[in-house]
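# sequence first, predicted coordinates after that:
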Amino acid sequence: MDFIDFRHTYYNYMTIQKQLEHKAKKYAAKIIRLPFVHMVALTGSVAAGRATQKSDIDYFIQLQKKRLYIGRLVVTVAVHLWGQRRTDRSIPGKLCLNWFGTQNFPKQRHRVHQILAMQTHRLMGQKIGELVTGWTELIVRLYQIRRIQKDPRTHAQGSQVRWSDDELGFHPPKV
């Protein structure tokens, strides 16, 4: 008979894939409650069922039309404050916010994805946050585009960094 050490937590009995899926769902439930967020989907290796101990959790976040840049800022700040934002120094198990789009965009680009959360009705806190005016979106948009354009990874060979009024994609070449 095999000895089972019950001191291990529930996570120790789960595969890396299941642990990352569990964490992805947990944070998708938080992200969907933020202003401007319409849908949260899982992409990348976790969505494809190929997660390893080095994997991060890639998200596609769909935001309200004309609130793409302020929505990205809100989501990024929240994930950073939760201590879950992927950085160049902290990758495994962190949330990678590398693809944003407005509602009904983009048409699927042959990326494996799994919808984790979708907005069915707006909560009071979200409605208050959405009182942001168009000029605030414009200021945040200009600032973010300037940063994207100045980042050397944007212009590196093989880069798939893209920006428009309907989509933001951050897939710089692997180093």
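Alright, I've got the coordinates.
# hey, where'd the helices end up in the protein?
Here the chain has its helices, by DSSP state H, at 16-31, 44-47, 68-81, 124-129, 134-150.
# quickly compare those and say which is most buried.
Across the helices of the chain, averaging neighbours per residue (mean count of other CB atoms under 10 Å) puts helix 44-47 on top, at a mean of 22. C-betas here are computed from N, CA, C, even on glycine.
# thought D56 was touching G44?
Yes: in this structure D56 lies within contact range of G44 using CB atoms under 8 Å: 7.4 Å.
# joint contacts of those two?
Residues touching both D56 and G44 (CB atoms under 8 Å, 6 or more residues apart in numbering) are C96.
# sorry, back to before: hey, least reliable of the helices of the chain by pLDDT?
Across the helices of the chain, helix 124-129 has the smallest mean pLDDT, namely a mean of 62.
# C96 against Q84, yeah?
No: between C96 and Q84 no contact is recorded; they are 10.0 Å apart, counting by CB under 8 Å.
# tell me which residues in stretch 81-89 are buried?
Buried residues in stretch 81-89, defined by neighbour count with 16 or more other CB atoms under 10 Å: Q84, R85, R86.
# how far away is T154 from D58?
To D58, T154 is 19 Å away according to CB to CB, to the nearest Å.
# these two: who's more crowded?
Neighbour totals were compared for T154 and D58, and D58 leads with 23 against 16 (other CB atoms under 10 Å).
# residue contacts, G169?
Neighbours of G169 in contact, by CB under 8 Å, 6+ apart: N98, W99, F100, Q160, V161, R162, W163.
# how close does it sit to Q144?
13 Å.
# what do those two both touch?
With CB under 8 Å, 6+ apart, G169 and Q144 have common neighbours W163.
# can you get me a residue count around R153?
By other CB under 10 Å, neighbour count at R153 equals 13.
# if Y59 is in a bridge, with which residues?
L42 (DSSP bridges).
# pretty sure it contacts G101?
No: contact criterion CB under 8 Å: Y59 and G101 do not qualify, at 11.3 Å.
# who's more crowded, these two?
Y59 (26 against 23).
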